[in-house]
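take a look and give me a structure for this.
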Amino acid sequence: MTSSSHERYRDALTALAGDAAILPIVSDAGERRGWWTPERIWHRTYGRFMPDAGPFAEIVVSSNTPSQQACRIEMFERESDARGCGYVMNTGVGWARVTRFPFDPALPGLPPVAACATVVRYHPGRRCTLRTMRDGRPAFAKVYAADTGARAYDDLVSLRTVGSRGELTMTMEPPLPCLTI
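Numbers count the residues shown, from 1 in each chain. Okay, the predicted model is just below:
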């Protein structure tokens with residue numbers, strides 16, 4: 001009889017479920033890299049268990065004091081798998097690779113957009129929703145890892161067209177141009 005992936009990672013996942021294992025990782029990486037000071041207050045905004053992937057878990061934490069910061073923590077079983085960009089450390093739960101937002105190799109268009117926006121939701125390697133002000137009004141942008149962004153833009157244009165003919169009970173602003181990077 002084989003055990004499930006959850007059973008294999010039970011102890012690590014139990015430890016990672018609470019802040020006691022996560023916050024020291026964030027503080028240590030920030031201090032050693034000079035990214036932020038220790039008094040920042042962090043909260044978890046995303047977590048994902050991936051039993052068959054390189055990192056078995058991925059966690060995003062963010063802080064809004066004094067300004068918005070975020071980082072991604074990827075947990076690996078072995079040090080050799082954790083090597084790469086970012087700060088790597090042994091946590092006792094596994095090997096952590098910490099990268100500072102907006103670095104995300106799967107989202108190359110993220111840094112220029114994130115420079116002038118606030119993160120609303122970030123799913124590492126997949127997509128990021130950001131909010132900014134445009135002409136004094138809030139505007140939202142999505143950065144995707146694949147051509148999903150182009151399809152979403154086409155859907156928005158179609159909705160706008162239907163709405164402009166009065167076929168919807170709502171109105172919407174025209175979508176901004178879709179940029180491909």
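
pull out the buried residues from the longest helix along the chain.
Determined from DSSP state H, the single longest helix within the chain is helix 148-164. By neighbour count on 16 or more other CB atoms under 10 Å, the buried set for helix 148-164 is 149, 153, 156. C-betas here are computed from N, CA, C, even on glycine.

redo these as JSON lines? Include pLDDT and distance to E7.
Formatted as JSON lines, those follow (pLDDT from 0 to 100; distance: CB to CB, whole Å):
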{"residue": "G149", "pLDDT": "74", "distance to E7": "38"}
{"residue": "Y153", "pLDDT": "79", "distance to E7": "43"}
{"residue": "L156", "pLDDT": "81", "distance to E7": "44"}
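
in a markdown table: those residues, plus distance to G18.
Listed next are those as a markdown table, based on distance: CB to CB, whole Å:
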| residue | distance to G18 |
| --- | --- |
| G149 | 35 |
| Y153 | 40 |
| L156 | 40 |
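
returning to what we had before: who are the packing partners of the longest helix of the chain?
Judged by 3 or more CB pairs under 8 Å, 6 or more residues apart in numbering; DSSP states H and E, the packing partners of helix 148-164 are strand 137-144.

what sits up against the strand it packs on?
With CB atoms under 8 Å, 6 or more residues apart in numbering as the test, strand 137-144 has contacts from 107, 109-110, 113, 117, 120, 126-133, 149, 152, 176.

next: stretch 153-166.
Residues contacting stretch 153-166 (CB under 8 Å, 6+ apart): 168, 170-172, 174-175, 178.

and the end-to-end length of stretch 82-90?
Chord length of stretch 82-90, first to last residue, is 10 Å (CA to CA, to the nearest Å).

what are the buried residues along it?
So stretch 82-90, judged by 16+ other CB under 10 Å, has buried residues 82, 86-89.

please apply the same query to stretch 74-83.
Buried-residue list, stretch 74-83, by 16+ other CB under 10 Å: 74-76, 81-82.

same check, this time on stretch 103-111
So for stretch 103-111, counting by 16+ other CB under 10 Å, buried means 104, 107, 109-110.

how about TSV for those, with pLDDT added?
Shown next, in TSV, are the buried residues of stretch 103-111 (pLDDT from 0 to 100):
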residue	pLDDT
D104	94
L107	91
G109	86
L110	91
